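A.B. asks: Kindly generate the corresponding structure for this input.
(chains A and B)
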Amino acid sequence: MIEARGLVKRYGSTAAANDLSFTIRPGLVTGFLGPNGAGKTTTMRLILGLDYPSAGTVTVNGKPYAQLPDPMHEVGALLDAGAVHGGRAACNHLLCLAQTNGISRRRVDEVLGLVGLADVAGKRSRGFSLGMRQRLGIAAALLGDPQILMFDEPVNGLDPEGILWIRNLMRSLAAEGRTVLVSSHLMSEMEYTADHLLVIGRGRLIADCGMSEFIARGSGQAVLVRTPQADALGRAVTTAGASVSAGPGPGELEIRGLTQEQVSDLAFARGIRLYHLAATRVSLEHAFMELTADSVEYRAA
Amino acid sequence: MTSLTIATRPAARTIHSELTKVRSVRSTYWTLFLLVLASIAWCVSYCLGTVHQWPTMSAQDRAGFDATQDTILGLVLLGQLVIVVLGALMITAEYSTGMVRTSLTVMPRRGTLYAAKAAVFAAVSLVLSFVTSFGTFFLGRILLASTHAGASLSQPGVLRSVVISALYVEVCGLFAFGIGALVRNTAGALTLAFGFLLLLSELIRTLPVFLHNDLTRWVPGGDAINSMTATVGGQIPHTFSAWGELAVFAGYAAILLLLGAVQFARRDA
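C.D. replies: Next up, the predicted model:
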């Protein structure tokens, strides 16, 4: 459980985190979503006590992070896969981290196997590919077998195989009842992994809700039709209480407030010919764009 | 007792971890090797040169020959430059690689982490500088055997000179460690440390003589090092005693270590 109350972090005149209050509940993958520079990394650094907040508090399992007796047993974090000494062998890197929390050398070998780096355990991490470094960072996070895991942009720059591996890992960690906080600026990535969403833009919390609720908060379902009798269909659906807007192509209409079946029935009853009829699912990406656009307008006004 | 055990356990673990860090990178071995090599090279070339000239030296020159100072001066003059690199890197390498964020995530009590780092560096460099100072001293005695001019530890000031040389190198390392924590950047830390150790004594030469004579005891360089290492010829003018000079530099190092600790604890990582 991670709790933030009124968290503020200012760098000069800009606020990277602006009055953030949220609770990250156990047993869920919480997606931490926002465009680049929204304050995701800053917030994670505040949680881990790497940066000090300008105002507000954040606690992990009820305590400020720095007061956790053996933090690796409670929180595992991967903020920056590059944050290792390249001249140190992978196993020694993990060993020096493990020793601070009284974790055994055997566990080091275990996590190296778990992330698939056992073969290069004795190699210096300087020669590692981005994907291997990411695995090394995840191995470090898993060392203490923590209940809470935090990953900052874990799929950034990874190849499809690496992305799939991370996705599956996060799902399986959550399935074991762990709390996973994962940040991304890729909205589509969240659709595969997150149960719950924290959306921030310009340091402010825009949404804190379930994934499905978030999508519903956007414009919701729409039905896209193409018809030679656009005027007649427009009148018909407006009478039925729906809203209509011009679709992306000629002769296309976007109808909201009616289901695909209802639109089809209306058209059939009026003898209106339809060439195309499809429900368009509003993507997370779209919903996100709309929400952040709102917040920008709100700020400008 | 129990509470003490619990309180010291994280510290002991962190020291263990820092020792692993030091042992697991090649740069440590390279720097330490360079320090020993430079000290030995100085000792050998000085002693062989002296042995070569000995037959033609005047009685006065022979009396003024300081076998102790000349054999271990390599450790002081060259070793200080090497140990400064190692001391600064202890801290700045954590920042340049970003490792410090990982280190603080697993050990968020910053005071403990800083102290463990300083303690491990102090211990490693202390062992090495003592082994080198005594090693070069005895090596010099062997090389100078034919002249019968080699010093013995029982002669006045000799043991003091050998011990202070090692401690001075240690102090220089801790000094650089403190600067490293303050500026968090290898190039910056080395520039400042070298500037202080090498340039300051040159800069005060431009001052009027009376000012220079007042200041020289407070500034690292020829006069202060001479006072710490000389075993013949009595007290060097315008300086404190050997231990006094060491105390001055230990004081500088202590202040910088303390300021570094405050910065390490207070600033965002």
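A.B. asks: tell me the pLDDT at B:A149?
C.D. replies: Note on B:A149: pLDDT of 83.
A.B. asks: which residues does it contact?
C.D. replies: B:T50, B:W54, B:R62, B:F65, B:A67 (CB atoms under 8 Å, 6 or more residues apart in numbering or on different chains). In this view, the C-beta of every residue, glycine as well, is placed from N, C-alpha and C.
A.B. asks: mind checking which helix or strand the third one is in?
C.D. replies: Yep, that's B:R62 we're talking about. Per DSSP states H and E, B:R62 falls inside helix B:59-64.
A.B. asks: three-state assignment of A:V182?
C.D. replies: strand (DSSP: H, G, I helix; E, B strand; the rest coil).
A.B. asks: Now do the contacts for residue 226.
C.D. replies: Reading this off chain A. A:G247, A:G249, A:G251, A:E252, A:L253, A:L274, A:Y275, A:H276.
A.B. asks: that answer is for a different chain, and I need it for chain B
C.D. replies: B:N226 touches B:Q69, B:I236, B:T239, counting by CB under 8 Å, 6+ apart.
A.B. asks: low-scoring pLDDT stretches of the stretch 1-150 of chain A, where are they?
C.D. replies: For the stretch 1-150 of chain A, no stretch has pLDDT under 70.
A.B. asks: Please list the residues of it that sit near chain B.
C.D. replies: Residues of the stretch 1-150 of chain A lying near chain B by CB under 8 Å from any CB of the partner chain: A:45, A:48-52, A:65-66, A:68-69, A:71-72, A:75, A:77, A:79-80, A:82-89, A:92-93, A:95-97, A:99-102, A:140.
A.B. asks: ok, now with 6 Å
C.D. replies: Counting by CB under 6 Å from any CB of the partner chain, the stretch 1-150 of chain A comes close to chain B at A:48-51, A:65-66, A:71-72, A:77, A:80, A:82-85, A:87-88, A:92, A:95-97, A:99-100, A:102.
A.B. asks: Now intersect the residues you listed with the strands, please.
C.D. replies: Judged by DSSP state E, the residues of the stretch 1-150 of chain A next to chain B include A:A77 as members of strands.
A.B. asks: and the residues of the stretch 1-150 of chain A next to chain B, which are buried?
C.D. replies: A:48-51, A:65-66, A:71-72, A:77, A:83-85, A:87-88, A:92, A:95-97, A:99-100 (16 or more other CB atoms under 10 Å in any protein chain shown).
A.B. asks: Would you format the contacts of B:N226 as JSON lines with secondary structure, pLDDT and neighbour count included?
C.D. replies: Shown next, in JSON lines, are these (DSSP: H, G, I helix; E, B strand; the rest coil; pLDDT from 0 to 100; neighbours: other CB atoms under 10 Å in any protein chain shown):
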{"residue": "B:Q69", "secondary structure": "helix", "pLDDT": "92", "neighbour count": "24"}
{"residue": "B:I236", "secondary structure": "coil", "pLDDT": "86", "neighbour count": "21"}
{"residue": "B:T239", "secondary structure": "coil", "pLDDT": "92", "neighbour count": "22"}
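A.B. asks: any idea where the helices of the stretch 51-200 of chain A begin and end?
C.D. replies: A:90-100, A:105-114, A:130-142, A:160-175, A:187-193 (DSSP state H, counting those that start in this stretch).
A.B. asks: Just the C-alphas of the second one, formatted as CSV.
C.D. replies: The C-alpha trace of helix A:105-114 is given here as CSV (Å, rounded to 0.1, in the frame of the first residue of the first chain):
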residue,chain,number,x,y,z
ARG,A,105,24.1,-15.1,-2.2
ARG,A,106,21.9,-18.0,-3.1
ARG,A,107,19.0,-15.6,-3.7
VAL,A,108,21.2,-13.6,-6.1
ASP,A,109,21.7,-16.8,-8.2
GLU,A,110,18.0,-17.5,-8.0
VAL,A,111,16.9,-14.2,-9.4
LEU,A,112,19.6,-14.3,-12.0
GLY,A,113,18.0,-17.5,-13.2
LEU,A,114,14.5,-16.1,-12.9
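A.B. asks: contacts for that helix?
C.D. replies: A:L94, A:L95, A:A98, A:A118, A:A121, A:A139, A:L142, A:L143 (CB atoms under 6 Å, 6 or more residues apart in numbering or on different chains).
A.B. asks: Which neighbouring residues are in contact with the residue of the stretch 101-250 of chain A found nearest chain B, exactly?
C.D. replies: Here the stretch 101-250 of chain A gets closest to chain B at one residue, A:G102, 5.7 Å apart by CB to the nearest CB. By CB under 6 Å, 6+ apart, the contact set of A:G102 is B:R13.
A.B. asks: What of A:A139?
C.D. replies: A:A139 sits next to A:V111, A:L112, A:V115 when contact means CB under 6 Å, 6+ apart.
A.B. asks: Give me the neighbour count for the last one.
C.D. replies: A:V115 has 20 neighbours, counted by other CB atoms under 10 Å in any protein chain shown.
A.B. asks: Also the one 4 residues further on?
C.D. replies: If you count neighbours by other CB under 10 Å, A:D119 ends up with 9.
A.B. asks: What of the one 3 residues further on?
C.D. replies: Other residues within reach of A:G122, judged by other CB under 10 Å, total 9.
A.B. asks: how far away is it from A:A89?
C.D. replies: Going from A:G122 to A:A89 by CB to CB, to the nearest Å gives 5 Å.
A.B. asks: ok, now A:S184?
C.D. replies: Where A:A89 is concerned, A:S184 sits at a distance of 30 Å (CB to CB).
A.B. asks: so which helix or strand takes in the residue lying closest to A:T59 once chain neighbours are set aside?
C.D. replies: Counting by CB to CB, 6 or more residues apart in numbering or on different chains, A:T59 lies nearest to A:E3, which is 5.2 Å off, once chain neighbours are set aside. Assigned by DSSP H and E, A:E3 belongs to strand A:2-11.
A.B. asks: Pull the residues that contact that strand.
C.D. replies: Against strand A:2-11 from outside (CB under 6 Å, 6+ apart): A:16-17, A:19-24, A:42, A:46-47, A:53-60.
A.B. asks: try 8 Å
C.D. replies: Under CB under 8 Å, 6+ apart, the answer for strand A:2-11 is A:15-24, A:39, A:42-43, A:46-47, A:51, A:53-60, A:62, A:148, A:179, A:181, A:203.
A.B. asks: Does B:I179 touch B:T186 like I think?
C.D. replies: No. Between B:I179 and B:T186 there is no contact under CB atoms under 8 Å: 10.6 Å.
A.B. asks: so what sits against both of those two?
C.D. replies: Common neighbours of B:I179 and B:T186 are listed as B:A88 (criterion: CB under 8 Å, 6+ apart).
A.B. asks: residues touching the residue nearest to A:D195 when sequence neighbours are not counted, list them.
C.D. replies: Using CB to CB, 6+ apart and skipping the chain neighbours, the partner closest in space to A:D195 is A:L28 (4.5 Å). Taking CB under 8 Å, 6+ apart, we find A:L28 in contact with A:A174, A:T179, A:V180, A:D195, A:H196.
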